[in-house]
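# Build the 3D model from these lines:
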Amino acid sequence: MKFNYPEVKRHTLDDEIMLLCVQISIMFSKLNEIATEAERNLTVLGVQFDTEHRIVNMSPEARQYLQASKTPILNVYFAFGAEYSEYITDDMDVLPKLSVAHQLVIALQPRFPEFNRRKALTWLRRELPQIRTNYTPAERKIMPFPINAIEKAYLRDSKYFVCLSEINTDSEGDRKRMAEAKEKQLLEKMKMC
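Below you'll find the predicted structure:
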């Protein structure tokens, strides 16, 4: 894994910082767009995906792209999760114990249920203020994304680091939407019979 995904010094993009300054629903929508675009870009570079958005064949051109310092980190996180899918789980008992970078990898994987991906983002966002308190800006600056973007995000909009209720997890709304979607699928299946 480390050979294919070496630690590369990358410049944090404004769009990546912005993700930490919005509500989870907006962050989730943006991450969906990023994952779709990343898969499209990698496909152009010769990567083959299965129907679950897992990488089945990586091209040398795509590997070079992923190791380049100019490649956005979220594209790399998406590819990592898609390539090493057997190691990336959305198990709800494990999710809260993972690093925030690992939680972000999970949130970028379209093969997982939306509810679990949103939950990963909720845990990630709830940990960021604690990380900000426990590490100095100099220490965070050399850590992986999203930790290295905490200070810039805090300076841009501190409310998501000060008042966690502002991230608006909408967990109850998620459960209702999931139940409605399952009911709708069941009704459609029953109509087909």
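
# ok now do residue 8, which residues does it touch?
67-69 (CB atoms under 8 Å, 6 or more residues apart in numbering). For the C-beta atoms, the positions are set from N, CA and C on the backbone; glycine is no exception.

# Tell me which of those fall in helices.
residue 67 (DSSP state H).

# Most neighbours of all the contacts of residue 8, which one?
residue 67 (14 neighbours; other CB atoms under 10 Å).

# What spatial separation is found between that one and residue 8?
6 Å (CB to CB, to the nearest Å).

# ok, which stretches of this structure are strands?
For the chain, the strands defined by DSSP state E occupy 48-49, 55-57.

# Need these in a markdown table (columns: distance to residue 119 and mean pLDDT).
Rendered in a markdown table, the data for the strands of the chain read as follows (distance: least, CB to CB, whole Å; pLDDT from 0 to 100):
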| stretch | distance to residue 119 | mean pLDDT |
| --- | --- | --- |
| strand 48-49 | 24 | 98 |
| strand 55-57 | 24 | 97 |
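
# Distance to residue 77 added to those strands, as TSV?
Rendered in TSV, the data for those read as follows (distance: least, CB to CB, whole Å):
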stretch	distance to residue 77
strand 48-49	16
strand 55-57	13
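
# May I see these organised as TSV, with mean neighbour count added?
Converted to TSV, the strands of the chain look like this (neighbours: other CB atoms under 10 Å):
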stretch	mean neighbour count
strand 48-49	14
strand 55-57	14
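
# low-confidence ranges in the protein?
163-179, 193 (pLDDT under 70).

# what about the helices in it?
Ranges of helices within the chain are 14-18, 24-44, 60-67, 73-83, 100-107, 114-134, 137-141, 150-156, 159-162, 171-192, based on DSSP H.

# Residue 90 is nearest to which of those helices?
helix 114-134 (4.1 Å; CB to CB).

# and that closest one, how far out from the chain's middle?
Here helix 114-134 is found 11 Å from its chain centre; the criterion is CA atoms, centre = their mean, to the nearest Å.

# Then stretch 63-70?
Centre-to-centre, stretch 63-70 and its host chain are 19 Å apart (CA atoms, centre = their mean).

# residues in contact with that stretch?
4-6, 8-11, 41-42, 45, 71, 75-76, 79.

# what do you get if the cut-off is 10 Å, keeping everything else the same?
By CB atoms under 10 Å, 6 or more residues apart in numbering, the residues outside stretch 63-70 that reach it are 3-6, 8-11, 38, 41-42, 44-47, 58-59, 71, 75-76, 78-80, 83.

# now do stretch 42-56
35-36, 38-39, 41, 57-66, 75, 78-86, 88, 108-112.

# Is it possible to mark the buried ones in these?
Taking 16 or more other CB atoms under 10 Å as the criterion, what is buried in the contacts of stretch 42-56 is 35, 38-39, 41, 58, 62-63, 65-66, 75, 78-83, 85, 88, 108-110, 112.
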